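> Return a 3D structure for these sequence lines:
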Amino acid sequence: MDRQALFSGTETPLGHLAIDLDALADYLRPRIEGFGGPLAATKFKGGQSNPTYLLSSGARRWVLRRRPPGKLIESAHAIDREYRVMGAVRGAGIPVPATYLYCEDDNVIGSQFYIVEYVHGRLFWDANLPDIAPAERSALYLAMASELARVHSLDFAAAGLAGFGGSGAYAGRNLARWSKIYDQSRLEDIPDMNWLMVALQALLPAKEPITLIHGDYGLYNIIFWPDQPEVAAILDWEMATLGNPWIDLAHHLRAWWEPLDANGSATSLAAYDLDRLGIPSMDRYVALYAARCGLDVPTDLGFYLAFAQFRYAAMVQAVLKRAASGTAANRTMLHTQEKVYRIARLARQSLS
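Modelled structure (predicted):
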């Protein structure tokens, strides 16, 4: 399956994801400088969480991102936090789209939304970067590692984000949050997930470094410049918070550890000769990141991998739950219940 073709570009939003363009235009006209009309909107094909749209009026373009309409899991789809953190990190030099407005009124288009800059560039849906030369692949992965290191090295207090995280140890809070989301999203019982919730709780670190973390950093959430292997914008800050950078990194390493789907469509590097492609091994990539952060790689990296794998399994389960309830943001569903089983087994192996 060609993921690049499947997820690139936009499509007409249908059903519960359609937007009342007249109502939206009336709302935007006095709030965005230079906005006129008429307004057109198409929905980006990629993404499984918050529906995202390309707006156009004449030669101007913007991006609208909204909470999905309908009944949602408590604490999920935190686009208000996403909007806040993008404004803060942009002021600190992290590449993100410019922010224009946030609308809390559900009555305008049926759910809260925000408007940001449209950034033109390249977004890759295949981790192996087909049709890219090996030297540029290496440069793209190096740029990706470097930008994550910049995020984790940011003085978050100076950026106005001192209170952006909860109180107490991050790993424990995050484990409790995703355990709750998983419990709310269950479609069937998965023994390995039950085991992981207990085992990870027993292994929580006594002390943790705390930095700004992205929450879902990866190629699929990065726009690279069209003509150079540098990051133009980091997207999808929905799960950003103050937390443990090693958990953030372990989730980002999904490209190396994610099991291949039955149809081979996962964003996994598992089946590829990385040396031939010019892509660093997972160990090499971790070393590149750590060198740019000035950190030593923890001896218990296996715990962090298992933690991230459990959390990702819970994320997939939440997507499956939304699909079952009819509130999914994307009509193209690649996740399966079997995938949750496989990731849970992998997480259990990471702890052994």
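> mind listing what the residue nearest the centre of the chain touches?
Computing the C-alpha centroid of the chain and ranking residues by Cα atoms, centre = their mean puts D216 first, at 3.3 Å. Neighbour list for D216: D236, E238, M239, H251 [criterion: Cβ atoms under 8 Å, 6 or more residues apart in numbering]. For every residue, glycine as well, the C-beta is placed using N, CA and C.
> One more pass at 6 Å, please.
D236, M239 (Cβ atoms under 6 Å, 6 or more residues apart in numbering).
> Could you report the separation of it from L54?
Note on D216: its distance to L54, by Cβ to Cβ, to the nearest Å, is 21 Å.
> buried set for stretch 50-69?
50-55, 57, 62-69 (16 or more other Cβ atoms under 10 Å).
> picking that back up, got phi/psi on the residue nearest to the centre of the chain?
D216 adopts backbone torsions of phi -150, psi 50, taken as degrees, to the nearest 10.
> Quickly note the distance from it to E11.
22 Å.
> Repeat that for S146.
33 Å.
> which one of the two has more residues nearby?
S146 (16 against 13; other Cβ atoms under 10 Å).
> From what I see, the more buried one and R292 are in contact.
Yes. Applying Cβ atoms under 6 Å as the test, S146 and R292 come out as touching, 5.5 Å apart.
> Would you point out the helix or strand in the protein whose mean pLDDT is lowest?
helix 3-7 (a mean of 76; mean pLDDT, DSSP states H and E).
> how about the helices of the chain, start to end?
Here the chain has its helices, by DSSP state H, at 3-7, 21-28, 79-91, 134-153, 170-185, 191-202, 245-252, 254-257, 274-277, 282-293, 301-325, 337-350.
> Buried deepest among those helices, which one?
When these are scored by mean count of other Cβ atoms under 10 Å, the highest mean neighbour count falls to helix 245-252 (a mean of 25).
> Need the CA coordinates for that one. CSV is fine.
Only the C-alpha atoms of helix 245-252 are listed here, as CSV (Å, rounded to 0.1, in the frame of the first residue of the first chain):
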residue,chain,number,x,y,z
PRO,A,245,12.0,13.5,27.4
TRP,A,246,13.0,9.8,27.3
ILE,A,247,9.3,8.8,27.1
ASP,A,248,8.9,11.3,24.3
LEU,A,249,11.9,9.9,22.5
ALA,A,250,10.8,6.3,23.0
HIS,A,251,7.5,7.1,21.3
HIS,A,252,9.3,8.8,18.5
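> who touches that helix?
With Cβ under 6 Å, 6+ apart, helix 245-252 has contacts from H152, T211, I213, Y217, G218, P298, Y304, L305, F307, A308.
> could these go into CSV alongside pLDDT and distance to A171?
Output for the contacts of helix 245-252, formatted as CSV (pLDDT from 0 to 100; distance: Cβ to Cβ, whole Å):
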residue, pLDDT, distance to A171
H152, 98, 15
T211, 95, 13
I213, 97, 12
Y217, 97, 17
G218, 95, 20
P298, 92, 12
Y304, 97, 9
L305, 97, 13
F307, 98, 7
A308, 96, 11
